[in-house]
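Q: quick one: sequence and predicted model below, then my questions.
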Amino acid sequence: MELLKYSNNVTEFVLLGLTQNPHLQKILFVVFLFIYLFTMLANLLIVITISLSPTLSAPMYFFLTQLSLIDASLSSITTSKLNIDLLYNKRTISWGDCLAQLFLEHFLGGSEIILLTVMAYDCYVAICKPLHYTTIMRQGLCQLLVVAAWIGGILHGTIQILFMMDLTFCGPNVIDHFMCDFFSLLQLVCSDTYRLAMVVAANSGGMCLLIFFMLLISYIVILSSLKSHGSEGQCKALPTCGSHFIVVVLFFGPCIFSYTRPVIIYPMDSLVAVVFTVLTPMLNPIIYTVRNTEVKKAMRSLLKKRLT
């Protein structure tokens, strides 16, 4: 492939994508188009259901609305771009678009990490301090926590961009990925990037690993607290916490794999990124609706109102 240079700097990158097989590209386009449409519709349905249902006024559902907005946005950035590339066999992305994609990925990913932590705290208060729940999880505090999640995501995304601004790309411009990934870009930098890679691993990977272990500890505390509850309380609490734990594992697993290691590109990196950026936003609304009776009742109620 031709190297695209301008003033000794690469201005475009060539994305190899998931496959070079034209027939397989068509199949993947259909698959990812279905995933994208389902993801957008499912997350939009959750937002509409929670917004229009008076019974879903608990803080948990407010946080779930924000999670659906993040998932829909993340899918729009990654899955839609992947579909366009598969359909038109488009292989290049400009340096500016690459930076924008990198910022948005880390902005939304960072926001989701903080939001999942907030949701775990909400679950902890609801189960371990039920008598003080309404006092602790006030509407003002919930809104403040969501704002903190979005601001934290912006700061995290900005840090990633600041890392990239002073780097010089004067050689190969081929990225073995379907999107602009930080470690894939570092492979193309002219200068030594060992220290920067360690900083990135500490910033992204360390953040994922630390928060994941904090969440595991919180779940151990929650499970220990459930022993003192009756069987009815356990049946009510376990589905909610179970759903959240599944979402946490699906999100943090690929994140930890991708960023808590040296700058080495593995063949499976693209597949791991598919789980993180494509499948997880699709599975989150399924997990929360299938295991949540109140959300399913609210959806059926809204559907009956629209049909009558």
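A: That came through fine.
Q: skip the chain neighbours and tell me the closest residue to residue 180.
A: Closest residue to residue 180 apart from its sequence neighbours, by C-beta to C-beta, 6 or more residues apart in numbering: residue 98 at 4.0 Å. (Each C-beta comes from the backbone N, C-alpha and C, glycine too.)
Q: check what pLDDT that neighbour gets.
A: On pLDDT, residue 98 comes in at 87.
Q: so which strand or helix has it?
A: Using DSSP states H and E, residue 98 sits within helix 95-128.
Q: the most centrally placed residue in the chain: what's it in contact with?
A: Centroid-nearest residue in the chain: residue 109, 4.6 Å away (criterion: C-alpha atoms, centre = their mean). Residue 109 makes contacts with 74, 153, 156, 255, as judged by C-beta atoms under 8 Å, 6 or more residues apart in numbering.
Q: what is the burial count for the third one?
A: It stands for residue 156. 21 (other C-beta atoms under 10 Å).
Q: distance-wise, check it relative to residue 174.
A: Residue 156 sits 27 Å away from residue 174, going by C-beta to C-beta, to the nearest Å.
Q: what of the second one?
A: Residue 153 sits 30 Å away from residue 174, going by C-beta to C-beta.
Q: who's more crowded, these two?
A: Taking neighbours as other C-beta under 10 Å, residue 153 and residue 174 compare with residue 153 leading, 22 against 15.
Q: helix or strand: which one has the more buried one?
A: Following DSSP H and E, one finds residue 153 within helix 139-165.
Q: next secondary structure after that helix?
A: That would be, after helix 139-165 and using DSSP H and E, strand 174-175.
Q: who's in contact with that next one?
A: With contacts defined as C-beta under 8 Å, 6+ apart, strand 174-175 is touched by 1, 13, 14, 15, 16, 181, 184, 185, 188.
Q: next, residue 190: secondary structure please.
A: Put simply, residue 190 is coil when judged by DSSP: H, G, I helix; E, B strand; the rest coil.
Q: and it, what pLDDT?
A: As summarised for this prediction, residue 190 has a pLDDT of 79.
Q: show me what contacts it?
A: If you count contacts by C-beta under 8 Å, 6+ apart, residue 190 has them with 168, 169, 170, 171.
Q: distance of the third one from residue 11?
A: To tie it back to what came earlier, the one meant is residue 170. Residue 170 sits at a distance of 11 Å from residue 11 (criterion: C-beta to C-beta).
Q: and residue 297, what element?
A: In this structure, residue 297 is located in helix 293-307 according to DSSP H and E.
Q: and that helix, average pLDDT?
A: The pLDDT scores in helix 293-307 average 81.
Q: then stretch 226-238?
A: Per-residue scores along stretch 226-238 average to 59.
Q: so how far is residue 160 from the closest residue to residue 164 other than its chain neighbours?
A: Nearest residue to residue 164 in three dimensions, chain neighbours excluded: residue 99, at 6.4 Å (C-beta to C-beta, 6+ apart). Residue 99 is 9 Å from residue 160, where distance means C-beta to C-beta.
Q: those two - which one has more neighbours?
A: Taking other C-beta under 10 Å, residue 99 and residue 160 do not tie; residue 160 has more neighbours (20 against 17).
Q: ok, the more buried one touching residue 102?
A: Yes: judged on C-beta atoms under 8 Å, residue 160 makes contact with residue 102 at a distance of 6.0 Å.
Q: hey, what's in contact with both of these two?
A: Common contact partners of residue 160 and residue 102 (C-beta under 8 Å, 6+ apart): residue 182.
Q: next, the buried residues of whichever strand or helix holds residue 71.
A: Using DSSP H and E, residue 71 falls within helix 59-88. For helix 59-88, the neighbour count (16 or more other C-beta atoms under 10 Å) marks 59-79, 81-83, 85-86 as buried.
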